[in-house]
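1. Can you look at this prediction? I've put the sequence above it.
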Amino acid sequence: MNLTLKIWRQANAKAKGEMVTYSISDVSPDMSFLEMMDMHNERLIDRGEDPVAFDHDCREGICGMCSMFINGEAHGPDRLVTTCQLHMRKFKDGDTLTIEPFRANAFPVIKDLAVDRSAFDRIQQAGGFVSVNTSGNTQDANAIPIDKHDADKAFDAATCIGCGACVASCKNASAMLFVSAKVSQYALLPQGKIEATDRVLNMVNQMDEEGFGNCTNTGACEVECPKGISLENIARMNREYLTASLKG
Amino acid sequence: MAKLDSKIPQGSLSEKWTNHKSNINLVSPANKRMIDVIVVGTGLAGASASATLAELGYNVKTFCFQDSPRRAHSIAAQGGINAAKNYKGDGDSTYRLFYDTIKGGDYRSRESNVYRLAEVSTNIIDQCVAQGVPFARDYGGLLDNRSFGGVLVSRTFYAKGQTGQQLLLGAYSAMNRQIGRGKIKMYNRHEMMDLVLIDGKARGIITRNLVSGEIERHSAHAVVIASGGYGNVFFLSTNAMGSNVSATWKIHKRGAYFANPCFTQIHPTCIPVSGEHQSKLTLMSESLRNDGRIWVPKRIEDVKAIREGKLQPTEIAEEDRDYYLERRYPAFGNLVPRDVASRAAKERCDAGFGVNKTGEAVYLDFADAILRYGKEQAHVKGWDESDTVLVKKLGQQVVRAKYGNLFQMYEKIVDQDPYETPMMIYPAVHYTMGGVWVDYNLMTSIPGCYAIGEANFSDHGANRLGASALMQGLADGYFVLPYTIGDYLADDIRTGTISTDSPEFEAAEKEVKQRLEAFINNKGKHSVDYYHRKLGKIMWDKCGMSRNEKGLKEALRDIKALREDFYKNVNVPGVTNEFNEQLAKAGRVADFLELGELFAKDALERTESCGGHFREESQTPEGEALRDDKNFTFVSAWEYKGEPSKAKLHKEVLNYEEIEVKTRSYK
């Protein structure tokens, strides 16, 4: 396949960025999107040009590090995949691909397609945990039976990979899907109930401080989420937040 | 350099750990506040150690090269975590888990460490559940289990195919709590460049900020390396792109012995290589072997027809299929350990029965499982069990619930639907049992420098059993290191903060800067990846699933030559003080080019076959691995002597007091 790539190039956080057009030939349909980018970078290096910076690590769709906005969609046109699991067979010979970073005020660009998502870490630090020490002196794991349906729902929420596609897809750059996934995981399990009030208040507060936008229920986040995290979680977090606020 | 002392406590095996914990020195809570500990890496071992050390009161500084500690490659572990809970009542016990692990490791691991691992395994599950890790449960609300290779009980706890993710997020959440309290200072996007020794003790590290390129000095009273394994020396592996040997290699060059580097796990169920462009390989969890049956056609003409696209695997009759694992190993069948399953796949493919274009693939077939589950579901619901369409649909639903994410991943990569046609799989490099030599306290041969998780060598011998890596990472981090480190730090309560202005820090920093400048100024003609691929090919061809003297000698020569060429001709673009992925990669590949040589040297010296290390010269008439217990019941611990070829071998003799060393049989 031969393709045209329009890629966002930005030397560092302070530099002004721009779209740069490249053409790339001999792309195999079996390549993953990032392998196509590797090939492009190899060629740039051979020509003495600066390779395109992008984040990636596990390349099996689970670490959440890759973060490209391809043809106007987070992680590209395929559903339920991250960029590393997107394959070139989803595109046609002669296509033009526009490749941008995940954009949000709370995700400043570091270089080219790599962005700083440490705001997500800080939200988790505000309350995304159960306050139990790791001494090993806890009760037997089977001491509290948990309804399988609740356990499954908690698991589904917990599969969020923290990639930020929800933020990048949202016109308000809201992080509600991300935050609600963690809040829901704990809200659905008895272990998380004890700190439920503080958790939701602290995490939402930190989310606001980081400069993420408000949720207006467009549902774009759910559509683009590579792990299929459901909007139900946002509804659950809103309930949790309301309950917590009333408790004060 | 100190003599190799494994510091195994006295007493009977089952009492060693308890006694040791009661006898080692402690640091008082007030004094812990005066002590700094550095942790490098935030996978299961690093994250759990950081969290626990901080809870105990130490000041922890933790480093990871990823943009968030949550992304360390433990996140990608799929199948599960072992624990001797015996919830199934199928005869499991601490002793059995211990025994299975020693046997699975082909009698090349240290008895006392493995027993401790089995002993603390049950605590891990309790701990993780208390943290809110959503393990799979049954309808009664209790925890569910599955089976993994090399064992005859169901002791593997899981969270669908994302167990590693859930456990790592649990450890990450425990870390986050301590970061929030200010007890852990987290450095994302930082790479460790060197270890700093003062008066022979580990007292800090030099790091590079991967965003700004800045070189930084960090001091501490002890340094814990939890940087994972070195599978990426093969270029293609199931490791993450950034996984590297650099942190462990740097401490090796500073005096830490490197143990059993040639013990590598080649995992039997990975998606086959599709072409030259391939950047990494993807694992299909071992848990799939609970339900998938592995086969190739019996007749070579069927193989040819499949390769030409004239025949579909589903069209091959049952009697024309060779379920070679069930045939060769009836007792364990498809659940033989990984090394055995991998070699058996290679044997069939080398004999010409590989089922894809490259001839390097076998089938992993779920048709029987779908049928079995479908009938069961139809029976439960009181529906017609003879309705094949219905049964298939119901069976697929069960398989989807168990392995949905793995099937989806396979479909995205290969573009075939594994619910309808068998998966194609082939072995790939996955895990390294070898690593930094540590004593019972997990301290390396450098005082104050520790290695935990995959980075050390201690628990898995020559072959690791499935679902044991997660167990070891969390055991080391939550329950072992935080206590054993106190024994060393008790002598440091009066030391006070360690200055980074010393000549030792100065010299280490200068060396790091010079090395980075040299890469940038080299202006050679080949990219870093060019060399990494070449190294990977040498490793796979000559140090891969089977090894021989001639190949290993060639590997030694070729790797050395490649390394020389690398330093002459590598081209690293950009500058040092910027976000420069190529520069970071150049440093990692430089270290792989040294490790690779030590790896080949180790494999050459060990003329026996054991576990994942198969020497063609040492096999039974049936082609099974043949150990040489008389001459090789020891750990090879290599001391750095200026370059890999000059490394000096130290032997830690393995004494088996509890277990009778036998020929490993899964037949």
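-> That came in fine, so what should we check first? As the structure is a prediction and not an experimental result, all values here were calculated from the model.
2. How about residue 141, nearest residue that isn't a chain neighbour?
-> The chain I'm using is chain A. residue B:129 (4.1 Å; Cβ to Cβ, 6 or more residues apart in numbering or on different chains). C-betas here are computed from N, CA, C, even on glycine.
3. Hmm, no, I was thinking of chain B.
-> residue A:145 (2.9 Å).
4. Next up, the contacts around the one you found.
-> Residues near residue A:145 by Cβ atoms under 8 Å, 6 or more residues apart in numbering or on different chains: B:137, B:140-142.
5. Looking at those residues, point me to the pair that's furthest apart.
-> Pairwise distances across those peak at 8.0 Å for B:137 and B:140 (criterion: Cβ to Cβ).
6. between those two, who's got more neighbours?
-> A count of neighbours by other Cβ atoms under 10 Å in any protein chain shown puts residue B:137 above the other of residue B:137 and residue B:140, at 22 against 10.
7. Quickly find the element holding the residue in chain A positioned nearest to chain B.
-> Residue of chain A nearest chain B, by Cβ to the nearest Cβ: residue A:145 (2.9 Å). Following DSSP states H and E, one finds residue A:145 outside all helices and strands.
8. Same question for residue B:265.
-> Per DSSP H and E, residue B:265 falls inside strand B:264-270.
9. average pLDDT across that strand?
-> Regarding strand B:264-270, the rounded mean pLDDT is 96.
10. Phi first, then psi, for the residue nearest to residue B:141.
-> Taking degrees, to the nearest 10, you get phi -70, psi 140 for the backbone angles of residue A:145.
11. Tell me the pLDDT of it.
-> 96.
12. Okay, it and residue B:140: tell me how far apart.
-> Separation of residue A:145 from residue B:140 (Cβ to Cβ, to the nearest Å): 6 Å.
13. Could I get the buried residue list for the longest helix along chain A?
-> Under DSSP state H, the helix in chain A containing the largest number of residues is helix A:232-247. The neighbour-count criterion (16 or more other Cβ atoms under 10 Å in any protein chain shown) identifies A:233-234, A:236-238, A:240-241, A:244 as the buried residues of helix A:232-247.
14. what do you get for stretch A:68-81?
-> By 16+ other Cβ under 10 Å, the buried positions in stretch A:68-81 come out as A:68-70, A:73-76, A:78, A:81.
15. what secondary structure does the closest residue in space to residue B:482 that isn't next to it in sequence sit in?
-> Leaving aside its chain neighbours, residue B:482 sits nearest to residue B:52 (4.2 Å; criterion: Cβ to Cβ, 6+ apart). Here residue B:52 is helix, with the state taken from DSSP: H, G, I helix; E, B strand; the rest coil.
16. Residue B:52 contacts residue A:132, doesn't it?
-> No - Residue B:52 is not in contact with residue A:132 according to Cβ atoms under 8 Å; the separation is 11.9 Å.
17. if you count what's nearby, which of the two comes out ahead?
-> More crowded of residue B:52 and residue A:132, by other Cβ under 10 Å: residue B:52, with 27 against 20.
18. Show the model's pLDDT score for the more buried one.
-> Looking at residue B:52, its pLDDT reads 98.
19. What of residue A:248?
-> 68.
20. and what of residue B:368?
-> pLDDT at residue B:368 comes out at 96.
21. Pop the domain breakdown of the chain in here.
-> With no chain named, the answer covers chain A. Annotated domains of chain A cover A:3-111, A:117-247 [automatic domain parsing].
22. Please refer instead to chain B.
-> Under automatic domain parsing, the residue ranges defining each domain of chain B are B:269-279+B:286-428, B:502-630.
23. can you tell me if the first one touches chain A.
-> Yes - among the residues of domain B:269-279+B:286-428, B:274-275, B:277-279, B:408-409, B:412-413, B:415 lie within reach of chain A under Cβ under 8 Å from any Cβ of the partner chain.
24. Out of those, grab the one that's most surrounded.
-> Going by other Cβ under 10 Å, residue B:409 tops the residues of domain B:269-279+B:286-428 next to chain A with 24 neighbours.
25. mind listing what it touches?
-> For residue B:409, the contacting residues are A:60-61, A:85, B:282, B:284, by Cβ under 8 Å, 6+ apart.
26. Out of these, which two sit at the greatest distance?
-> Of all pairs drawn from the contacts of residue B:409, the greatest distance, 14.0 Å, lies between A:85 and B:284 (Cβ to Cβ).
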